[in-house]
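>>> The sequence and its predicted three-dimensional model are supplied below.
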Amino acid sequence: MSAHESPHASPQASLWPAPTARQPVAATVALPGSKSLTNRALVVAALSDGPSVVRRALRSRDTELMAAALTTLGAAVDTSGDDWTVTPGRLGPGAVDCGLAGTVMRFVPPVAALAHGTVAFDGDPHARTRPMSAVLDALRGLGVEVDGDGRGTLPFEVRGRGAVAGGRVTIDASASSQFVSALLLAGAAYDAGVEVVHTGPPVPSLPHIDMTVACLREHGVEVDDSVPDRWRVAPQPVRATDVTIEPDLSNAAPFVMLALTSGGRVSVPGWPARTTQAGDALRDLLDRMGGEVSLDADGLTVTGTGEVHGIDADLHDVGELTPAVAALCAVADSPSRLRGVAHIRGHETDRLTALAVELRGLGASVTEHDDGLSIAPAPMHGGEFKTYADHRMAHAAVVVGSRVEGVLVENVETTSKTFPGFADAWSGLFPG
Ligand SMILES: O=C(O)C1=C[C@@H](OP(=O)(O)O)[C@@H](O)[C@H](O)C1
Ligand SMILES: C=C(OP(=O)(O)O)C(=O)O
């Protein structure tokens, strides 16, 4: 099965028994590369002045969709080995499948605006409900013609004319940091560059905007991010470069949590000493939830005692960690409150409702708030855990399953969005 065929297009109602730890797990887990870093590297490489190399690229549904999108637009993307090469080309018309990837549906339209011709965008059924209008309206404000059905979501068409006027644009990015990242990633190629000003409730996932800025700087692009809620990229050349992708620290969540749920020890080699990845917040979160966490030149090691404590945490900056953290809270010995993540209702699914429903289905005591969840200790039991085509719901399921017998994960293959082979990698950690 290719990474972008089923189980996403036609989910099968398969149930996968999540393994339970009957003894402490001691493991070293080499994780695949970061989705967010890989997809930024591919986009900026396609706008560069020569071929770029993306080393240890993540090969998964989201990154293959990004490679396919850029290929459709005219770049040559060689994904045959572990190190991918991107050779920019004349941007032209085509049709882009976004799957369920926020990075594809938000980051590619500003590139398509530079194409000589119309680029049509569509994606999975749920992708058609994910917020998009801030990017489409911003493009219109920058001089680009965009046709849609008026809802401001997929599907839509970007009518490229080979150049974009660019300039200053004001958007409300409170629903997703990706709106800002999208405009910055292509902005250096616009005639007047781009200046993005945010007005509205605070922008979530700011580390991801820092990641965008860092990625552009690696390509020699100067970005002015000196003023909060305003980012400026002047028109300038984008230099080809050679980057190495870090392991995906958000996908590390269930693995390092297994140290706590099993009272064991899990190491992740290659965990960077400094990073813009949101997943780095796991170090602090797991320390507060009862783990011992140490980071050195060899990587990260998390050691558990078997005790898991609840936590009061604002996850606004690191919302993509919420499903796994909520699952760990469900097996904790004290109450938790997770805050600041109203925006994750617009992720792969409405994650707050999905988590409340599915964790309750296994016996957890969960109260849903507008911006998060309260979770209190309660006896849990096995049962089916639905994933809603959301890779991180599957991560939540296996975290509970590592502690609670009989958790059946529906469509675990949905993890191939960012981690093909996840179920085998996970099962391989359980002895016997
Ligand atoms: O730019 C990115 O790579 C991402 C930004 C964040 O999106 P939001 O700002 O919509 O939360 C994050 O949750 C998502 O997983 C990846
Ligand atoms: C929100 C996520 O993905 P996307 O890039 O599709 O927004 C995620 O991976 O948690």
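Sure, I can see it. Bear in mind the structure is a predicted one, so any value in this text is a computation, not a measurement. Ligands and ions are numbered 1, 2, ... in the order given.
>>> CA atoms for contacts and neighbours, from now on please.
Will do.
>>> Contact partners for residue 314?
Listed by C-alpha atoms under 8 Å, 6 or more residues apart in numbering, the contact partners of residue 314 are 338, 339, 340, 341.
>>> Residue ranges in the chain under the pLDDT threshold?
1-13, 432 (pLDDT under 70).
>>> From the contacts of residue 314, which land in helices?
The helices, defined by DSSP state H, take in nothing from these.
>>> Please name the nearest non-neighbouring residue to the closest residue to ligand 2 within the stretch 151-300 of the chain.
Closest approach of the stretch 151-300 of the chain to ligand 2 (C-alpha to the nearest ligand atom) occurs at residue 178, with a separation of 7.6 Å. Spatial nearest neighbour of residue 178, excluding adjacent residues (C-alpha to C-alpha, 6 or more residues apart in numbering): residue 106 at 6.4 Å.
>>> which element follows whichever helix or strand the one you found is part of toward the C-terminus?
Assessed by DSSP states H and E, residue 106 sits inside helix 102-112. For helix 102-112, the succeeding helix or strand toward the C-terminus, using DSSP H and E, is strand 116-122.
>>> Skip ahead from that next one and say which helix or strand is next.
Taking DSSP H and E, what comes next after strand 116-122 is helix 133-141.
>>> Identify the residues contacting that following helix?
106, 110, 113, 145-146, 151-153, 169-173, 179, 182-183.
>>> Say whether ligand 2 is contacted by it.
No: judged by C-alpha under 6 Å from any ligand atom, helix 133-141 stays clear of ligand 2, getting no closer than 13.9 Å.
>>> Excluding sequence neighbours, find me the nearest residue to residue 207.
Nearest non-adjacent residue to residue 207, counting by C-alpha to C-alpha, 6+ apart: residue 276, 5.5 Å away.
>>> Hmm, residue 208 and that neighbour touching each other?
Yes: counting by C-alpha atoms under 8 Å, residue 276 does reach residue 208; the two are 6.8 Å apart.
>>> Give me the more crowded residue out of these two.
Regarding residue 276 and residue 208, a neighbour count based on other C-alpha atoms under 10 Å identifies residue 208 as having more, with 21 against 18.
>>> what about the more buried one, which helix or strand?
helix 206-218.
>>> is ligand 2 contacted by that helix?
No: against ligand 2, helix 206-218 shows no contacts by C-alpha under 6 Å from any ligand atom, the least distance being 10.4 Å.
>>> Can you tell me the strand partners of the next helix or strand after that helix and which way each runs?
Following helix 206-218 in sequence order, the next helix or strand is strand 223-227 (DSSP H and E). Using DSSP bridges, strand 223-227 pairs in its sheet with strand 230-233 (antiparallel).
>>> on that earlier part again, and of the contacts of helix 133-141, the nearest to residue 370?
Residue 370 lies nearest to residue 173 out of these, by C-alpha to C-alpha, at 18.0 Å.
>>> Show the contacting residues for the closest one.
By C-alpha under 8 Å, 6+ apart, residue 173 lies in contact with 134, 179, 180, 198, 199, 200, 202, 203, 204.
>>> No more questions from me, cheers.
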